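A.B. asks: Okay, structure incoming, though there's no sequence with it:
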């Protein structure tokens, strides 16, 4: 089952749990014909959404209690699955959804959109662009041709949507909400829902400071998020009074091969040790795991020699030393964007609805790699 069907696989997984009142990871992997690692990652995502409760070796469905006590795992009716293309929706609206990737980060955003769409009886049609060869304009035209009455747009252009595609969206006449993107000009009215990545980086550095670190390095991977993380990192170093000059390295991935990437991991480790920086914020989870592997090959340990915090929390908890991670609110980004768009579409006079611009702060999830447990 391909990564393009992550949200559908989540629904199948929930239904399997409902039918069996709890299953082991191995059983779920066999039933859905995917790897156990994929099932573990799915269960992490579903638990974050409050839909399942993980237990040793498997999972059960979860319900929330109304008496203020913690949830108890027990089987409940699963939420309805995504609407079929031939279904008759309760609403006349069709949400056109454009995302730049179906493999990393955005499956959870899509799941957030789908959750609201299912709740409201709204159809969703999706268009997939590409960071390497963006085709946003073509995809949006196809979404409109598919009957979209409003657009949810995460372009492949990075976190700032340039003037030309932004103005093209406005000229198209359909209401739209940007997801994890902002207009080229902060003074141009345009609705968006985005993660406050600067705040996420600031919070991670602040956590290191609270653990006693005065020098904190930064490793990023050339992604569109990297400049925002560096901005938050530099603000934290400056405002919290940490020592300046700690290693800051951007690998430039996705153009690098494994050999060059390994060389840069080793270079960053060497510079941290030489500088006396015993803590580092690393984007992404994959890079943090690879960095930890390179440390281990050199006889170094996490968090003893270099404490790490990963940024993204896609697979951070599965690392050999579970990674403390900054977790962007991906599911909530999609859900909030869908709600904003539907509120405008449902309004008697959409033009009278104020323009909403929403920044959501990510969460810091503390695990073993930052050394907090050892110091507690």
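C.D. replies: Cool, the structure landed. Please read these numbers as outputs of a predicted model, since none were measured by experiment.

A.B. asks: Please work out which residues outside stretch 318-325 touch it.
C.D. replies: Residues from elsewhere that reach stretch 318-325 (C-beta atoms under 8 Å, 6 or more residues apart in numbering): 37, 40-41, 207, 285, 288-289, 292, 296, 302-303, 308-313, 316-317, 364-370, 372. All C-beta spots, glycine's among them, are computed from the backbone N, C-alpha and C.

A.B. asks: quick one: the strands in the stretch 201-350 of the chain?
C.D. replies: Taking DSSP state E, counting those that start in this stretch as the test, the strands found in the stretch 201-350 of the chain are 217-220, 248-250, 279-282, 307-311, 324-327.

A.B. asks: Now mean pLDDT too, for those strands, in a markdown table please.
C.D. replies: Output for the strands of the stretch 201-350 of the chain, formatted as a markdown table (pLDDT from 0 to 100):
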| stretch | mean pLDDT |
| --- | --- |
| strand 217-220 | 98 |
| strand 248-250 | 97 |
| strand 279-282 | 98 |
| strand 307-311 | 98 |
| strand 324-327 | 98 |
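
A.B. asks: Put together CSV for those, with mean neighbour count on each row.
C.D. replies: Converted to CSV, these look like this (neighbours: other C-beta atoms under 10 Å):
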stretch, mean neighbour count
strand 217-220, 26
strand 248-250, 18
strand 279-282, 29
strand 307-311, 30
strand 324-327, 26
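
A.B. asks: Residue 349: which of those strands is closest?
C.D. replies: Nearest of the strands of the stretch 201-350 of the chain to residue 349, taken as C-beta to C-beta: strand 324-327 at 37.9 Å.

A.B. asks: Parallel or antiparallel, list what pairs with the closest one.
C.D. replies: Strand pairing for strand 324-327, determined by DSSP bridges: strand 307-311 (parallel), strand 363-365 (antiparallel).

A.B. asks: Adding distance to residue 51 as columns, could you present the ones you listed in JSON lines?
C.D. replies: JSON lines is the format used below for those (distance: least, C-beta to C-beta, whole Å):
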{"stretch": "strand 307-311", "distance to residue 51": "24"}
{"stretch": "strand 363-365", "distance to residue 51": "18"}
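
A.B. asks: And the strands in the stretch 51-200 of the chain?
C.D. replies: Using DSSP E, counting those that start in this stretch, the strands of the stretch 51-200 of the chain run over residues 52-55, 58-61, 94-99, 123-128, 150-153, 160-161, 176-179, 182-183, 192-195.

A.B. asks: Neighbouring strands - and their directions - for the fifth one?
C.D. replies: Meaning strand 150-153. Strand 150-153 pairs in its sheet with strand 94-99 (parallel), strand 176-179 (parallel), by DSSP bridges.

A.B. asks: Now render these as JSON lines, adding mean neighbour count.
C.D. replies: Shown next, in JSON lines, are those (neighbours: other C-beta under 10 Å):
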{"stretch": "strand 94-99", "mean neighbour count": "25"}
{"stretch": "strand 176-179", "mean neighbour count": "26"}
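
A.B. asks: can you redo those strands as a markdown table with mean pLDDT?
C.D. replies: Formatted as a markdown table, these follow (pLDDT from 0 to 100):
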| stretch | mean pLDDT |
| --- | --- |
| strand 94-99 | 95 |
| strand 176-179 | 98 |
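
A.B. asks: can you list those in CSV and add distance to residue 216?
C.D. replies: As requested, the strands paired with strand 150-153 are exported to CSV (distance: least, C-beta to C-beta, whole Å):
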stretch, distance to residue 216
strand 94-99, 32
strand 176-179, 30
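
A.B. asks: any idea how far the nearest residue to residue 205 once chain neighbours are set aside is from residue 311?
C.D. replies: For residue 205, ignoring the flanking residues on the chain, the nearest one in space by C-beta to C-beta, 6 or more residues apart in numbering is residue 236 at 3.6 Å. According to C-beta to C-beta, to the nearest Å, residue 236 and residue 311 sit 13 Å apart.
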